[in-house]
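Peer 1: Sequence first, then the predicted structure, then my questions.
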Amino acid sequence: MEMKKEITEIPEKHKLNSTTNDAVFSESPLDYKSRWRSIWVMYLTMFLSSVGFSIVITSIWPYLQKIDASANASFLGWVVAAYSLGQMVASPLFGLWSNHRPRSEPLVCSIIINVAANVLYAYVHLPSSHNKYYMLVARTFVGFGAGNVAVVRSYVAGATSLKERTSAMANMSACQALGFILGPALQAGLSFIGEAGVSWDLIDLQFNMYTSPALLGAVLGVINIILVVSVLRDFHVDDQGRHINAINDISEERVGMADDLDGDIDQSAVVTSNLLFFVFLFMFAVFETIATPLSMDMFAWTRRQAVLYNGIILACVGFESILVFVAVKVISPRLGDRVVMLAGMVIILCGFFILLPWGNQLPQIQWADLHNSSSHMTSLPSGFKAALPAISNSSTEPTGCPSDQTWCLYTPVIHLEQYITSDILIGIGYPVCNVMSYTLYSKILGPKPQGVYMGWLTASGSGARTLGPVFVSQVYTRLGPRWAFSLICGLVLLAILLMVAMYKRLIAFSVRHGIIQE
């Protein structure tokens, strides 16, 4: 039976143009519905991926301390970075795979890896030694599975026209932000299970506040696989909205088109976009990695309090991000992608500047290291002894800033008000920069298979998420928050200068070639 090509009942802004080119055809109502159904599956995939990541992020540090007493804040940096290292390696590979095969293949493979790694994470307490390294391996493979983000972004970029792109990317970012809301919120709710939780001896499983989030992430992964297999179909439209053969079609016509477009891409704009995306992800990796240790050091929170309160704070920041994405969809068409992204960078700079330690008040020192130690007491700065809390044997967990971090003895405390204000500002600036960076990047690339290019963008972000936690854990542990956040402020300022210098080059492929007016 021949399918009719009539275009009816499709919103005017989503109509796709027809052309005489054999590789291009008008879109039927059935294709339209199937295309947007597939895009919504990609939204859901991004949502479930972010839930699977964020649902454990606030509990990694206390879980690491519980399973392996030899683990310190420096090793925490490696554990958090392992996720991004795995993603950095996998993203270009999955992107290349998606250019030549149906998207469902790399997506299903990556999600299976993610599910298996989450199950491993729930069992890292079992070995008698070297538990921290098992956690490192688990987080690496969770990150490897998350390399499918490149596939998701390239699919949405290739399945939308230039007019649809910003809105579609903002929707995808909103789904990602919603995942970051529910992740910490679910972790905060699961924290009431407690550290002991319940045990299933038959399979040696401990279901507690640390393992339950990973197991829930595994269940969500299975649901994701079912949806990808049953609903996803491959679609591709060009910048003007004309429906082209699937982006991974390797026919002679499609290969010839790709070859012609490769040389026309502004490689300087591509490199600049990757550098800026690196800075955005590096900054946010520092922010999310240091949240739990910083709050435990500065506010004398226990492990359970840190997981609960930071979960609530990150959930609120995630909700704030959704409002930002809605605002971006309205503001960006009026001001332009570049202006909006530059404004987001300035807001991020303000957020980290506010987080710098000010004043003369010092943080509470963790008394466990000072108990019955007169040598420590005599070495404290003049007038500091009075600031120490009364030592009590009733506490089962020492709290405060550890005295073996020498900067605790002279660095001013960061107040909760500073911390909350910084969270709010970064919660505005980061989502703006995030969505604008890969929206603009996809427009720069134009109507060609973007799997590999999106893989490199994701890899640059993953490299930042690898280096960021290592950087901040080393600098924070040895030099304190003043040095750590000052260096971040300097990096963001350099990114702003780069953005200003390359401003005129960061334009859409079709705009640069005069096909579409900006």
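Peer 2: Arrived safely.

Peer 1: what's the following helix or strand after the helix or strand hosting residue 278?
Peer 2: For residue 278, the host element (DSSP states H and E) is helix 267-299. Next along the chain after helix 267-299, taking DSSP H and E as the criterion, comes helix 303-335.

Peer 1: roughly how far out does that following helix sit from the chain middle?
Peer 2: The chain centre lies 12 Å from the centre of helix 303-335; the measure is CA atoms, centre = their mean, to the nearest Å.

Peer 1: State the distance spanning the first to the last residue of stretch 195-210.
Peer 2: The straight-line separation of the ends of stretch 195-210 (CA to CA, to the nearest Å) is 7 Å.

Peer 1: got the buried residues for that stretch?
Peer 2: Buried residues in stretch 195-210, counted by 16 or more other CB atoms under 10 Å: 205-206, 208-210. (C-beta placed from N, C-alpha, C; glycine too.)

Peer 1: cool, stretch 134-143 as well?
Peer 2: 134-136, 138-143.

Peer 1: and what of stretch 157-171?
Peer 2: 157-162, 164-171.

Peer 1: any idea of the pLDDT on the residue nearest to residue 73 when sequence neighbours are not counted?
Peer 2: Setting aside the residues directly before and after it, residue 73 is nearest to residue 477 in space (CB to CB, 6 or more residues apart in numbering), at 4.9 Å. pLDDT for residue 477: 83.

Peer 1: For residue 35, see how far away residue 477 is.
Peer 2: Look at residue 477 and residue 35: by CB to CB, to the nearest Å, they are 50 Å apart.

Peer 1: chain center to stretch 487-495: distance?
Peer 2: With CA atoms, centre = their mean, you get 19 Å for stretch 487-495.

Peer 1: got the CA coordinates for that stretch in PDB?
Peer 2: Extracted in PDB, the C-alpha atoms of stretch 487-495 (Å, rounded to 0.1, in the frame of the first residue of the first chain):
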ATOM      1  CA  LEU A 487      41.500  29.600  40.200                       C
ATOM      2  CA  ILE A 488      38.000  28.700  38.900                       C
ATOM      3  CA  CYS A 489      37.200  32.400  38.800                       C
ATOM      4  CA  GLY A 490      40.300  33.000  36.700                       C
ATOM      5  CA  LEU A 491      39.400  30.200  34.300                       C
ATOM      6  CA  VAL A 492      35.800  31.500  33.800                       C
ATOM      7  CA  LEU A 493      37.200  35.000  33.100                       C
ATOM      8  CA  LEU A 494      39.500  33.600  30.400                       C
ATOM      9  CA  ALA A 495      36.600  31.800  28.900                       C
END
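
Peer 1: Can you give the contact residues for it?
Peer 2: For stretch 487-495, the external contacting residues (CB atoms under 8 Å, 6 or more residues apart in numbering) are 275-276, 279-280, 282-283, 286, 345, 348-349, 352-353, 356, 475.

Peer 1: And residue 315, how far from residue 183?
Peer 2: 8 Å.

Peer 1: do residue 173 as well
Peer 2: Distance from residue 173 to residue 183, by CB to CB: 15 Å.

Peer 1: residues contacting residue 119?
Peer 2: Counting by CB under 8 Å, 6+ apart, residue 119 has contacts 214-215, 218.

Peer 1: ok, so what distance separates it from residue 196?
Peer 2: Counting by CB to CB - residue 119 and residue 196 are separated by 21 Å.

Peer 1: go on, residue 326?
Peer 2: Distance from residue 326 to residue 196, by CB to CB: 42 Å.

Peer 1: just residue 276 next, same as before
Peer 2: 46 Å.

Peer 1: just residue 501 next, same as before
Peer 2: 56 Å.

Peer 1: Poorly predicted segments of the stretch 351-500 of the chain, please.
Peer 2: 367-396, 447-451 (pLDDT under 70).

Peer 1: the strands in this protein, which residues?
Peer 2: Taking DSSP state E as the test, the strands found in the chain are 24-25, 198-200, 205-207, 236-237, 243-244.

Peer 1: now the last one: mean pLDDT?
Peer 2: When the per-residue pLDDT values of strand 243-244 are averaged, the result is 62.

Peer 1: ditto for stretch 216-228
Peer 2: 88.

Peer 1: list the buried ones in it?
Peer 2: Neighbour-count burial for stretch 216-228 [16+ other CB under 10 Å]: 216-218, 220-221, 224-225, 228.

Peer 1: and it, C-alpha only, in CSV?
Peer 2: Extracted in CSV, the C-alpha atoms of stretch 216-228 (Å, rounded to 0.1, in the frame of the first residue of the first chain):
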residue,chain,number,x,y,z
LEU,A,216,17.1,2.0,41.3
GLY,A,217,19.3,3.4,38.6
ALA,A,218,19.7,-0.1,37.2
VAL,A,219,15.9,-0.6,37.1
LEU,A,220,15.5,2.7,35.3
GLY,A,221,18.1,1.5,32.8
VAL,A,222,16.1,-1.6,32.0
ILE,A,223,13.0,0.6,31.4
ASN,A,224,15.0,2.8,29.1
ILE,A,225,16.1,-0.2,27.0
ILE,A,226,12.5,-1.3,26.5
LEU,A,227,11.5,2.2,25.2
VAL,A,228,14.5,2.5,22.9
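
Peer 1: tell me how far it is from the chain's mean position?
Peer 2: Distance, centroid of stretch 216-228 to centroid of chain: 19 Å (CA atoms, centre = their mean).

Peer 1: what do you get for stretch 270-278?
Peer 2: Here stretch 270-278 is found 16 Å from its chain centre; the criterion is CA atoms, centre = their mean.

Peer 1: Point out where the stretch 101-250 of the chain drops to low pLDDT.
Peer 2: Within the stretch 101-250 of the chain, the stretches with pLDDT under 70 are 237-250.

Peer 1: the helices in it, which residues?
Peer 2: 104-122, 131-145, 149-158, 162-190, 211-231 (DSSP state H, counting those that start in this stretch).

Peer 1: Select, out of those helices, the one closest to residue 94.
Peer 2: Closest to residue 94 of the helices of the stretch 101-250 of the chain, according to CB to CB: helix 104-122, at 4.4 Å.

Peer 1: tell me which residues of that closest one are tucked away?
Peer 2: 104-111, 113-122.

Peer 1: rewinding a little: with distance to residue 49 as added columns, please give the buried residues of stretch 216-228 in JSON lines.
Peer 2: Shown next, in JSON lines, are these (distance: CB to CB, whole Å):
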{"residue": "216", "distance to residue 49": "14"}
{"residue": "217", "distance to residue 49": "9"}
{"residue": "218", "distance to residue 49": "13"}
{"residue": "220", "distance to residue 49": "9"}
{"residue": "221", "distance to residue 49": "9"}
{"residue": "224", "distance to residue 49": "8"}
{"residue": "225", "distance to residue 49": "12"}
{"residue": "228", "distance to residue 49": "12"}
